[in-house]
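# Quick one, structure for this:
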Amino acid sequence: MKKYKWHWLALVFCFPAFFQQTTFAQEKSDSLKNYKNNIHVNITNPLIFGGKSYVFGYERLINNRQSFSVNAGLTSFPSLGIFNTDSLKMRKVTEESGFNISADYRFYLSKVNKDAPPRGAYIGPYYSYNLFTNKIDWSLTETTGSNKGVNSELRMNIHTVGFEFGYQFVFWNRLSLDMILAGPGVASYYLKTTFGTNLSEADKEKFYEKLNDALAEKFPGYSLVIDDLDFKKSGTSKTTDVGYRYMVQIGFRF
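Next up is the predicted model:
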């Protein structure tokens with residue numbers, strides 16, 4: 001699959017909404033009630049990571065130019081789909097879990113926005129942490145030629161610090177549409193695989209290589225940030241590389 005394909009498709013979908021000006025989005029700032037709180041529901045995570053992802057956010061206005069927001073919720077590893085090769089076959093995913101926490105501090109651009117926050121363009125720093133784990137039953141054809149059941153646990157941690165640009169619409173004083181359009185950063189990635197089954201060193205390397213190929217195909221941006229040479233040898237990879245943040249949220253002000 002093309003790297004970051006979902007990312008560019010999402011941008012293509014959201015940018016028209018960013019530039020489109022509807023009549024209800026043109027209310028004057030003095031008609032907006034001074035609601036300082038906003039609760040959000042993240043609608044991009046379920047599209048990227050599947051229906052088991054539920055992330056909620058809270059934004060609080062500090063003054064007429066700044067706010068902070070926090071997000072937290074459950075998520076899961078992107079599905080590997082049906083993965084079958086001549087030597088490695090996925091039987092079933094026995095367990096999958098994960099969570100996401102993030103926070104940012106927003107500076108609304110008063111020289112650009114004609115309306116008061118939380119409506120308009122903003123910039124600011126952010127921090128994000130993601131944890132993904134899953135347990136899978138596999139059928140592996142060993143180097144001896146016999147088939148063996150293999151239980152694996154895959155764990156991935158991602159810490160990201162960066163700077164974001166976003167825009168938030170407010171409709172009917174209460175409903176908000178918050179879009180983080182760009183969030184480049186620096187991320188620390190840690191990926192580790194452990195077994196509940198004894199395997200020879202040769203079979204472990206064979207397993208790591210096949211699993212690495214599956215992750216590279218199914219996980220957006222995987223091959224850009226993970227050292228696949230280390231992973232193919234040991235099942236572990238730790239690196240610091242480019243990170244990103246992109247998010248669309250629907251909110252309710254109160």
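
# which helices and strands sit right next to the helix or strand hosting T160?
Counting by DSSP states H and E, the element that carries T160 is strand 147-171. Strand 147-171 is packed against strand 88-108, strand 120-141, strand 175-182, strand 185-195, helix 201-218, strand 236-243, with contacts defined by 3 or more C-beta pairs under 8 Å, 6 or more residues apart in numbering; DSSP states H and E. From N, CA and C alone the C-beta is placed, and that goes for glycine too.

# Counting by contacts, list what the longest one packs against.
Same thing as strand 120-141. Using 3+ C-beta pairs under 8 Å, 6+ apart, strand 120-141 is in contact with strand 88-108, strand 147-171, helix 201-218.

# so can I have TSV of those showing mean pLDDT, distance to K238 and mean neighbour count?
Shown next, in TSV, are these (pLDDT from 0 to 100; distance: least, C-beta to C-beta, whole Å; neighbours: other C-beta atoms under 10 Å):
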stretch	mean pLDDT	distance to K238	mean neighbour count
strand 88-108	89	18	17
strand 147-171	91	9	18
helix 201-218	77	15	18
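
# Could you export those to a markdown table, including columns for distance to V248?
A markdown table is the format used below for those (distance: least, C-beta to C-beta, whole Å):
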| stretch | distance to V248 |
| --- | --- |
| strand 88-108 | 14 |
| strand 147-171 | 10 |
| helix 201-218 | 22 |
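
# G166 is nearest to which of the helices and strands packed on strand 147-171?
strand 175-182 (4.3 Å; C-beta to C-beta).

# Give the other helices and strands that that closest one contacts.
helix 5-19, strand 37-42, strand 147-171, strand 247-253.

# distance of the spatially most central residue of the chain from P125?
Nearest to the geometric centre of the chain sits N45, at 6.1 Å (C-alpha atoms, centre = their mean). Taking C-beta to C-beta, to the nearest Å as the measure, N45 falls 21 Å from P125.

# for L140, same thing?
Distance from L140 to P125, by C-beta to C-beta: 45 Å.

# Neighbour count: those two, which is higher?
L140 (21 against 15; other C-beta atoms under 10 Å).
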